[in-house]
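Colleague: Quick one, fold the following:
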Amino acid sequence: MDNQRLAKLRALLEENHTDAILVTHAVNRKYVSGFTGSSGMLLITADKALLFSDFRYRTQAPIQAPSFEFIEHQANPIDAIRDSASVLHLSKIAFEAHDVSFETYSSYTRQLQGIELVPAGKWIEQLRMVKDQDELVIMREAAGLADRTFNHIIGLLKPGMREMDVALEIEFYMRHHGATSSSFETIVASGERSALPHGVASDRILQYGEYVKMDFGAFYQGYCSDITRTVMLGKPTDRHLDIYQIVLEAQQATLEGIRPGMTGREADAIARNIITKHGYGELFGHGTGHGLGMEIHESPRLSLTGDTILEPGMTVTVEPGIYIAGFGGVRIEDDVVITQAGVDILTHAPKDFIVID
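Modeller: All right, here's what the predicted structure looks like:
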């Protein structure tokens with residue numbers, strides 16, 4: 001694991017005048033240490049990095065997290081953390097308040113008497129926003145797998161298939177070609193169901209004369225990809241063509257317009273203004289995009305409330321859409337990494353309006 005991650009976290013400890021941080025969030029634990037076990041906590045100080053877990057991981061933990069000292073705890077991990085905190089003379093420990101319930105926090109305060117517990121904020125999530133080169137290599141591979149999956153599935157789509165069967169084929173292909181799993185529950189929404197932004201696959205039968213919206217991603221080597229494409233079964237009407245071209249125009253303009261230094265709100269406005277100009281602003285109810293990486297939804301957000309300033313190395317989706325109840329909906333989504341000059345697009349599946357006869 002890259003020791004730079006520990007160094008950056010320790011800089012935050014110093015900046016916040018805190019002796020240590022207790023890491024309990026599973027994804028953050030993996031990001032900082034490399035440890036993939038189902039149970040464990042990290043205690044990180046200015047010069048110590050401790051990984052607490054149970055006997056199941058006494059072999060795995062030292063291999064995956066060589067920068068950490070492994071401490072095997074018994075029934076209650078907080079007992080071992082308290083003992084280590086006493087040895088290290090810790091008086092102020094930051095904890096991940098967003099990951100800890102009030103009940104657990106109350107338990108910590110009882111068991112760690114004499115130690116001040118302070119909320120850390122999302123320190124590690126902030127570090128995770130900017131990907132290093134090793135992460136980007138994996139994310140490009142995950143995006144490439146999503147591209148190949150789309151190219152595979154459009155060769156199979158036909159009327160009479162169930163949405164569920166399309167989703168199953170998508171997921172099987174990704175796993176057969178290296179994915180651990182899908183990044184999220186695969187969305188296949190056809191006809192009027194395509195107007196559902198998160199219309200996960202149902203028993204509905206695909207029919208001629210309708211959109212098929214597919215939103216999926218590969219969870220590959222610990223990182224997510226996320227792609228949406230909308231295709232047409234049978235001859236489109238003028239309305240089908242018009243809606244698709246508006247969404248494509250909005251998405252392309254956003255891809256061309258995003259720059260480091262702008263906020264997520266400003267990036268969102270590029271797509272939103274175009275869709276609003278065409279009279280469909282009220283039918284674009286979600287954000288233009290979101291960060292992704294080890295989790296499918298991370299910061300920053302490209303949305304009406306996105307105030308994070310975009311920086312090179314951040315990975316986000318760009319996914320405007322229009323959703324018309326009783327008719328259907330279109331979303332087009334790509335994964336991108338922010339660069340010094342704009343964006344580098346990671347997903348490359350075709351976006352021309354594909355009509356399957």
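
Colleague: Tell me how far residue 80 lies from residue 97.
Modeller: 22 Å (C-beta to C-beta, to the nearest Å). Any C-beta I mention is one placed from the backbone N, CA and C, and that applies to glycine too.

Colleague: who's more crowded, the two?
Modeller: More neighbours surround residue 80 than the other of residue 80 and residue 97, with 18 against 15 (other C-beta atoms under 10 Å).

Colleague: Quick one, grab the pLDDT at the more buried one.
Modeller: pLDDT for residue 80: 94.

Colleague: Now the element after the helix or strand where it lies, going C-ward?
Modeller: Using DSSP states H and E, residue 80 sits in helix 77-87. Scanning forward in sequence from helix 77-87 by DSSP H and E, the next helix or strand is strand 92-95.

Colleague: That next one pairs with which strands, and in what direction?
Modeller: With DSSP bridges as the test, strand 92-95 is paired with strand 20-23 (parallel), strand 116-119 (parallel).

Colleague: avg pLDDT for that strand?
Modeller: Averaged over strand 92-95, pLDDT sits at 96.

Colleague: cool, stretch 171-181 as well?
Modeller: Regarding stretch 171-181, the rounded mean pLDDT is 98.

Colleague: so how far is the first residue of it from its last?
Modeller: Taking C-alpha to C-alpha, to the nearest Å, stretch 171-181 runs 7 Å from one end to the other.

Colleague: Now do the buried residues in that stretch.
Modeller: Within stretch 171-181, the residues scored as buried using 16 or more other C-beta atoms under 10 Å are 171, 173-175, 179.

Colleague: low-confidence ranges in this protein?
Modeller: Counting by pLDDT under 70, the chain shows low-confidence ranges at 1-2.

Colleague: hey, where'd the helices end up in it?
Modeller: Under the criterion DSSP state H, the chain contains helices at 3-15, 26-33, 60-64, 77-87, 102-111, 123-129, 133-153, 163-176, 238-257, 264-277.

Colleague: any chance of the ones you listed in JSON lines, plus distance to residue 232?
Modeller: Output for these, formatted as JSON lines (distance: least, C-beta to C-beta, whole Å):
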{"stretch": "helix 3-15", "distance to residue 232": "45"}
{"stretch": "helix 26-33", "distance to residue 232": "38"}
{"stretch": "helix 60-64", "distance to residue 232": "47"}
{"stretch": "helix 77-87", "distance to residue 232": "54"}
{"stretch": "helix 102-111", "distance to residue 232": "50"}
{"stretch": "helix 123-129", "distance to residue 232": "36"}
{"stretch": "helix 133-153", "distance to residue 232": "14"}
{"stretch": "helix 163-176", "distance to residue 232": "15"}
{"stretch": "helix 238-257", "distance to residue 232": "6"}
{"stretch": "helix 264-277", "distance to residue 232": "20"}
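
Colleague: Please name whichever of these is nearest to residue 49.
Modeller: Nearest to residue 49, of all the helices of the chain, is helix 3-15, at 6.1 Å by C-beta to C-beta.
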